[in-house]
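A.B. asks: here's my sequence, what's the structure:
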Amino acid sequence: MSHSGQRRISESTVRRLSVYLRFLRELTRQGRELVSSRQLARGCGTTPAQVRKDLSLFGSFGKRGRGYTVDELRRTLEGILGLGRRWRVALVGVGKIGSALLGYQDLARRGFDIAAAFDSDPAKTGQVMSGVQVYPAERLTEVVRMQQIELGIIATPPESAQTVADELVGAGVGAILNFAPVEIDVPESVTVRTMDVALELEGLSFMLTSGDRMPSRE
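C.D. replies: Predicted coordinates for the structure are as follows:
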């Protein structure tokens, strides 16, 4: 099974791989041994051709007329997505979003351990929240380096996000999930994904509005 590490994979493809993996994990819980591209597509909201195209980027999977072995494909996708190991995560900002993330147990089940949290509020620092130590914001660089943290989550007000991002990058973090509603600037070697809930809702609003304006298909 060849792995094409030289080809640049689009973000949309990576997102679909995560959806495939979620579906395969559910099939594993159900005790299913085989799954076809058609069943994968139906369970993941795409087409059989797209499933086959996505998987072909990473090698040869399944057998014609038999489908894919659920456990084998699940383990392969976990490896492709870097989930064969555990990742240490720093959470910056323990407000409503940050607190919710600390309590989100599925993160640890999927290999993401929030190793340290940071906040500028003295009432929160020094506490242990959902089993995670909350440090003063000024100790971010020191603790991230000391604990060899590789991923960062920014859940601060927008005016603080860029400063936090700069500190995380300076401390050696290679990827950032940004919940602050602002774009942050980082070196090309650092990956950023911004989760702007309002922006996503505006996109849904557009789709609903456009749908209302489209002629009936009947």
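
A.B. asks: do a quick rundown of the helices in this protein.
C.D. replies: 11-29, 37-44, 48-56, 70-80, 96-102, 106-109, 140-146, 158-170, 197-213 (DSSP state H).

A.B. asks: what bridges to the residue most central in space within the chain?
C.D. replies: Compute the mean C-alpha point of the chain, and by Cα atoms, centre = their mean the closest residue is L177, 7.8 Å away. Taking DSSP bridges, one obtains I153, R193 as the residues bridged to L177.

A.B. asks: follow-up on the earlier one: quick one: which of the helices of the chain is nearest V128?
C.D. replies: V128 sits nearest to helix 96-102 of all those, at 10.1 Å, using Cβ to Cβ. Quick note: C-beta positions are derived from backbone N, CA and C, even for glycine.

A.B. asks: other residues contacting that closest one?
C.D. replies: Applying Cβ atoms under 8 Å, 6 or more residues apart in numbering, the contact partners of helix 96-102 are 91-92, 94, 107, 114, 117, 119, 129-130, 132, 153, 155, 179.

A.B. asks: from the chain's centroid, how far away is that helix?
C.D. replies: Centroid separation for helix 96-102 versus its chain: 16 Å, with Cα atoms, centre = their mean, to the nearest Å.

A.B. asks: I'd like the average pLDDT over it.
C.D. replies: Average pLDDT, helix 96-102: 95.

A.B. asks: same thing with stretch 112-122?
C.D. replies: On average, stretch 112-122 scores 96.

A.B. asks: A49: which of the contacts of helix 96-102 is nearest?
C.D. replies: The nearest member of the contacts of helix 96-102 to A49, counting by Cβ to Cβ, is L107 at 32.9 Å.

A.B. asks: quick one: low-confidence parts of this structure?
C.D. replies: The model of the chain has pLDDT under 70 over residues 1-7, 62-65, 211-218.

A.B. asks: how does it divide into domains?
C.D. replies: The record's domain parsing of the chain by automatic domain parsing lists 11-79, 87-199.

A.B. asks: for S205, find the nearest of the ones you listed.
C.D. replies: Each of those was scored for nearness to S205 using Cβ to Cβ, and the closest is domain 87-199 (10.1 Å).

A.B. asks: grab the longest strand from this structure for me.
C.D. replies: strand 112-119 (DSSP state E).

A.B. asks: okay, that strand in CSV with CA atoms only?
C.D. replies: These are the backbone C-alpha positions of strand 112-119, laid out as CSV (Å, rounded to 0.1, in the frame of the first residue of the first chain):
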residue,chain,number,x,y,z
PHE,A,112,-5.8,15.2,21.9
ASP,A,113,-4.7,15.9,25.5
ILE,A,114,-5.2,19.5,26.8
ALA,A,115,-2.0,19.5,28.8
ALA,A,116,-2.2,23.1,30.1
ALA,A,117,-4.6,26.1,30.0
PHE,A,118,-3.9,29.8,30.3
ASP,A,119,-5.9,32.8,31.3
